[in-house]
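**Student:** here are the coordinates; sequence isn't available:
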């Protein structure tokens, strides 16, 4: 607070004034209170209002920019009123002000957050729609393209590595996309979805396709998470104005529908919107509806794919879930497993697979066919506090010997929280089951941790098998994995073996077990039993 005479000369200030501005009375008197104002930020009309109010002995209240002793400016809420002292003929003016810097900062932050994503700093969905609508209303957007980008299997990666790692990935995605487009043409729509707005001038569709592939290429480069590389891909959906919609909402929905189909088509998919996609999107929603309750209706079954080893008298199979819907027919696991993960149904489905596989294994064992059965544990099962109890219950309910059960986890799961995973795997190992790492070579495993995991098998990912023996890089990777496994005293399994040349090469390297179409395709339990019994004498003779 300060008090001035009729001319505005400062007569008195209170201690709070000095704390706020840094000025003492001796430094201001006989200066005018206007010495405190920063006219750079305070507009002239507001200053005129203040002067008119003072001259007319009127009350005034509003915001002004003031200056501290160090010349720093700050916004203040100011009130000016007239005081008449009967002992003094001249009126006095009392000016009360408050520093509202923090309020203004909070206000600016809220204004920013209303239009931007707090994690990446990019525009949010509402702001992107506003920019797109404005562009449609004021421009001549004959070749306007909308790209919706969704990271493949991000939910699974986010679950296995943790929210902090997921946030780091999303921030890196935003920065990479900014290298291709300006910030005003880019937004994070939510979760792992981003949107880009561009305009192609010549050969529009060809340019749009090329740009979409540029987006995928830059996002496919390795990400560094806590000093470790991680590889991701992205699906891209593309919509065009005016062919796919005349309004911002229509265009955005079209691009998102195309993106959903691109992600369903496989990793790094690319789709342009078409009328058929709308029907496909409806089918996608229908499939989720059918998936709910499929277990209770008995629509799931297990197929089994054999794994064969030289010099071993024990047979092994991998249990693979299949879904036959009365309405949809046979549905590929590549279609419904991601849906189950996205909708949270995977945990319940995983428990069913565990119990059913143990029941089948016990049946074979009781009928003189001891077969080791391998099943995949989902991220949700590993995060479930009772996974060890679940396995115990499945073994007890089926009376399956523990040595005939093998549990598979992915390499990405191992990297999420190594210490916690080590503790969990040791608890499972104490049950007497075998443990395997699936898709080995596609993720990142710290050698320091890998040697501490109580593993029995490394399953070499099929992507490395496809090119052998012709591809020298694939051959080098497989040789390294086999040497690593032998050093750790862990057995190796090659997945996806389809040709005699591949089989010969893998056998020569010393790969322990072979799985793939060359050996046998996944089949129902009865057909698998027939195959296994035909191989059993050969296995025992070795």
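**Tutor:** Sure thing, it's come through. What you see is a predicted model, and the numbers here were worked out from it, not measured in a lab.
**Student:** Tell me the buried residues in the helix ranked longest in the chain?
**Tutor:** Assignment by DSSP state H gives helix 346-366 as the longest helix of the chain. For helix 346-366, a neighbour-count test (16 or more other CB atoms under 10 Å) marks 346-347, 349-358, 360-362, 364-365 as buried. All C-beta spots, glycine's among them, are computed from the backbone N, C-alpha and C.
**Student:** so what strands line up beside the next helix or strand after that helix?
**Tutor:** Using DSSP states H and E, the helix or strand that follows helix 346-366 towards the C-terminus is strand 371-376. Partner strands and pairing direction for strand 371-376 (DSSP bridges) are strand 315-325 (parallel), strand 405-410 (parallel).
**Student:** helix or strand right after the first one?
**Tutor:** Note on strand 315-325: by DSSP H and E, the next helix or strand toward the C-terminus is strand 329-331.
**Student:** Let me see the mean pLDDT of that next one.
**Tutor:** Mean pLDDT, strand 329-331: 90.
**Student:** where do the strands sit along the stretch 201-350 of the chain?
**Tutor:** Ranges of strands in the stretch 201-350 of the chain, per DSSP state E, counting those that start in this stretch, are 223-225, 228-230, 234-241, 270-272, 300-309, 315-325, 329-331.
**Student:** Please identify which of these is closest to residue 381.
**Tutor:** strand 315-325 (13.3 Å; CB to CB).
**Student:** Please identify the buried residues of the closest one?
**Tutor:** Buried-residue list, strand 315-325, by 16+ other CB under 10 Å: 315, 316, 317, 318, 319, 320, 321, 322, 323, 325.
**Student:** got the residues you listed as TSV, with pLDDT columns?
**Tutor:** Converted to TSV, the buried residues of strand 315-325 look like this (pLDDT from 0 to 100):
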residue	pLDDT
315	85
316	93
317	95
318	96
319	96
320	96
321	95
322	95
323	94
325	90
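**Student:** For the residue nearest the centre of the chain, give me its contacts.
**Tutor:** The centre of the chain sits closest to residue 154, judged by CA atoms, centre = their mean, with a distance of 3.8 Å. For residue 154, the contact set (CB atoms under 8 Å, 6 or more residues apart in numbering) comprises 166, 169, 191, 192, 232.
**Student:** same deal with residue 164?
**Tutor:** By CB under 8 Å, 6+ apart, residue 164 lies in contact with nothing.
**Student:** Can you say which helix or strand has it in it?
**Tutor:** Per DSSP H and E: helix 163-178 holds residue 164.
**Student:** got the buried residues for that helix?
**Tutor:** 165, 166, 168, 169, 170, 172, 173, 174, 177.
**Student:** Which one of those residues is nearest to residue 185?
**Tutor:** residue 177 (9.5 Å).
**Student:** Tell me the helix or strand right after the strand or helix carrying residue 106.
**Tutor:** Using DSSP H and E, residue 106 sits in helix 101-113. Note on helix 101-113: by DSSP H and E, the next helix or strand toward the C-terminus is helix 125-138.
**Student:** for that following helix, packing partners?
**Tutor:** strand 144-151, strand 186-190, strand 193-199, helix 248-264 (3 or more CB pairs under 8 Å, 6 or more residues apart in numbering; DSSP states H and E).
**Student:** now these in TSV, with mean pLDDT?
**Tutor:** Formatted as TSV, the helices and strands packed on helix 125-138 follow (pLDDT from 0 to 100):
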stretch	mean pLDDT
strand 144-151	92
strand 186-190	91
strand 193-199	90
helix 248-264	85
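**Student:** residue ranges for the helices of the stretch 351-500 of the chain, please.
**Tutor:** 379-383, 387-398, 411-416, 418-429, 447-450, 462-465, 472-487, 500-509 (DSSP state H, counting those that start in this stretch).
**Student:** Quick one: neighbours of residue 478, just the number.
**Tutor:** By other CB atoms under 10 Å, the residues close to residue 478 number 24.
**Student:** nearest residue to it other than its sequence neighbours?
**Tutor:** residue 464 (5.7 Å; CB to CB, 6 or more residues apart in numbering).
**Student:** Next up, the contacts around that neighbour.
**Tutor:** Applying CB under 8 Å, 6+ apart to residue 464 gives the contacts 441, 474, 477, 478, 481.
**Student:** again, only this time at 10 Å
**Tutor:** Counting by CB atoms under 10 Å, 6 or more residues apart in numbering, residue 464 makes contact with 439-442, 471, 473-478, 481, 494-496.
**Student:** related to what we said a few turns ago, tell me which two of the contacts of residue 154 sit farthest apart.
**Tutor:** 191 and 232 (14.0 Å).
**Student:** Of the two, which one has the most company?
**Tutor:** For residue 191 versus residue 232, neighbours defined as other CB under 10 Å are more numerous around residue 232 (20 against 13).
**Student:** could you list every residue that touches the closest residue to residue 197 other than its chain neighbours?
**Tutor:** Take residue 197 and drop its neighbours on the chain: the residue closest to it by CB to CB, 6+ apart is residue 185, 4.4 Å away. Applying CB under 10 Å, 6+ apart to residue 185 gives the contacts 123, 128, 131-132, 135, 147, 177-178, 195-199.
**Student:** What subset of those residues is buried?
**Tutor:** 123, 128, 131, 132, 135, 147, 177, 195, 196, 197, 198, 199.
**Student:** Tell me the pLDDT of the third one.
**Tutor:** Listed pLDDT for residue 131 reads 88.
**Student:** Correct me if wrong: it contacts residue 248.
**Tutor:** Yes. Assessed by CB atoms under 10 Å, residue 131 is found in contact with residue 248 at 8.7 Å.
**Student:** related to what we said a few turns ago, what sits up against the helix holding residue 106?
**Tutor:** 63, 72, 73, 74, 75, 76, 77, 100, 118, 121, 124.
**Student:** is it possible to export these to TSV including distance to residue 50?
**Tutor:** Shown next, in TSV, are these (distance: CB to CB, whole Å):
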residue	distance to residue 50
63	11
72	22
73	17
74	17
75	15
76	12
77	13
100	17
118	38
121	38
124	39
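**Student:** could you flag which of these are buried?
**Tutor:** 74, 75, 76, 100, 124.
**Student:** list the contacts for the closest residue to residue 358 other than its chain neighbours?
**Tutor:** Leaving aside its sequence neighbours, residue 358 sits nearest to residue 398 (CB to CB, 6+ apart; 3.9 Å). The contact partners of residue 398, by CB under 10 Å, 6+ apart, come to 354-363, 365, 404-405.
**Student:** hang on, the earlier thing: can you tell me which of the buried ones among the contacts of residue 185 lies nearest to residue 289?
**Tutor:** Scanning the buried ones among the contacts of residue 185 for proximity to residue 289, where the rule is CB to CB, the winner is residue 195, at 27.5 Å.
**Student:** Leaving out sequence neighbours, find the closest residue to that closest one.
**Tutor:** Nearest one to residue 195, counting by CB to CB, 6+ apart, is residue 187 at 4.8 Å.
**Student:** Give the helix, strand or coil label for the residue of the chain most remote from its centre.
**Tutor:** In the chain, residue 87 marks the outermost C-alpha relative to the chain mean, sitting 74.0 Å out by CA atoms, centre = their mean. In terms of secondary structure, residue 87 is coil; the call rests on DSSP: H, G, I helix; E, B strand; the rest coil.
**Student:** Phi and psi next, for it.
**Tutor:** phi -90, psi -10 (degrees, to the nearest 10).
**Student:** got it, and the one 3 residues further on?
**Tutor:** When read as degrees, to the nearest 10, the backbone of residue 90 gives phi -90, psi 140.
**Student:** State the distance from it to residue 29.
**Tutor:** 16 Å (CB to CB, to the nearest Å).
**Student:** Residue 395 too?
**Tutor:** On the measure of CB to CB, residue 395 and residue 29 end up 90 Å apart.
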